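output the structure for:
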Amino acid sequence: MAGTWYPRNAARLAADVDRHLSRATLVPDLPRPLAIVAPHAGLTYSGPVAAHAYALVQQHRFEAVVLVGPSHFVPFRGVSIWEAGAWETPFGPVPVAESLARAIRAASPEVIEVPEAHGREHALEMQLPFVAHVAPGVPIVPLAMGAQTRQTAFALARTLADCAGPGVLLVASSDLSHYEDATTASRLDAAVIERVAALDAEGLMQDLEDEPRHACGGGPMVAVMEAARRLGATGARVLQYADSGDVSGDKSAVVGYMAAALW
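Sure thing, here's the model as predicted:
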């Protein structure tokens, strides 16, 4: 997506990310997050929202970042892991946390390798301009979820809770409703916002089963929320909500964006 959804030039990308971060509201006294939720549209559209979560991340130190997002283009069952090497960014390569990735792969039969699921996928890539800038040198574990079933989401949650140490940040990459008018989008998105704020992974899973329009990365959100709860999270806060019409001016068919923190 470099050169289209975000700048390919490192200096320009840094300026864009810093501008979004400077305009984000940093909520006083929030604890160090175990997990965040951030959107994954083009940087111009969802960057102002994602920045609210990454402004909090920037205040703390992490040993690794686990990225969980949906597979938009390649259908499969389970969760595809990228287990070794590095992901290129305009800021330089971001290494994979290989020992953590191996542990996650070994811990669950739901975690498999589907390399083609990562080829065109933007959900994880769109987190990297922020991750590489606010947490330079911190390695990642990329996980793309195929069919967002209850079994897969909760199995991944258990695996992440078993494998993630205290220095690991979990990131759920998801946009909310897609191409509804702003009024309908706000209604659909309010249901997700309520579940996330209540740290209610089970309730969100039920909502997604009843109404799939709620979020493209609903399964990743459920997995990360439940993993955070198992790791001891007792609090959650939605930091920002907006839709694409706030940037484009077109409120007739919008995509919803949310940033949240769990601790």
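
walking through the stretch 151-263 of the chain, point out its helices one by one.
182-197, 201-210, 218-230, 245-248 (DSSP state H, counting those that start in this stretch).

quick one: residues contacting Leu78.
Residue 78: Gly, not Leu. Remark: with contacts taken as CB atoms under 8 Å, 6 or more residues apart in numbering, Gly78 is in contact with 109-112, 114, 145-147, 152. (C-beta placed from N, C-alpha, C; glycine too.)

re earlier: most tightly surrounded among the helices of the stretch 151-263 of the chain?
helix 218-230 (a mean of 28; mean count of other CB atoms under 10 Å).

now do that helix, average pLDDT.
For helix 218-230, mean pLDDT rounds to 98.

what helices and strands are in contact with it?
Judged by 3 or more CB pairs under 8 Å, 6 or more residues apart in numbering; DSSP states H and E, helix 218-230 is in contact with strand 35-38, strand 64-70, strand 140-145, helix 150-163, strand 168-173, helix 182-197, helix 201-210, strand 254-262.

would you turn the ones you listed into JSON lines with distance to Thr25?
JSON lines is the format used below for those (distance: least, CB to CB, whole Å):
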{"stretch": "strand 35-38", "distance to Thr25": "15"}
{"stretch": "strand 64-70", "distance to Thr25": "22"}
{"stretch": "strand 140-145", "distance to Thr25": "26"}
{"stretch": "helix 150-163", "distance to Thr25": "28"}
{"stretch": "strand 168-173", "distance to Thr25": "19"}
{"stretch": "helix 182-197", "distance to Thr25": "16"}
{"stretch": "helix 201-210", "distance to Thr25": "24"}
{"stretch": "strand 254-262", "distance to Thr25": "10"}
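
of the contacts of Gly78, which is the most crowded?
Met145 (29 neighbours; other CB atoms under 10 Å).

that one pairs with what?
Pro70, Val79 (DSSP bridges).

what sits against Pro115?
Per CB under 8 Å, 6+ apart, neighbours of Pro115: 80, 82.

do you know how far it is from Pro142?
Distance, Pro115 to Pro142, by CB to CB, to the nearest Å: 11 Å.

what about Ser99, how many neighbours?
Using other CB under 10 Å: Ser99 sits among 12 other residues.

burial check on Glu88, number of neighbours?
Counted with other CB under 10 Å, the neighbours of Glu88 add up to 12.

look up phi and psi at it.
For Glu88, the backbone dihedrals (degrees, to the nearest 10) come out as phi -80, psi 140.

would you enumerate the residues in contact with the residue nearest to it when sequence neighbours are not counted?
Once flanking residues are discounted, Glu88 sits nearest to Val94: 7.9 Å by CB to CB, 6 or more residues apart in numbering. Counting by CB under 8 Å, 6+ apart, Val94 touches 86-88, 128, 131-132, 138-140.

give me that answer again for 6 Å
87, 132, 140 (CB atoms under 6 Å, 6 or more residues apart in numbering).

how near is the first one to Gln127?
Think Trp87. Distance from Trp87 to Gln127, by CB to CB: 10 Å.

so the two - more neighbours on which side?
Of the pair Trp87 and Gln127, Gln127 is the one with more neighbours under other CB under 10 Å, namely 27 against 19.

looks to me like the more buried one is in a helix.
Yes. Per DSSP: H, G, I helix; E, B strand; the rest coil, Gln127 lies within a helix segment.
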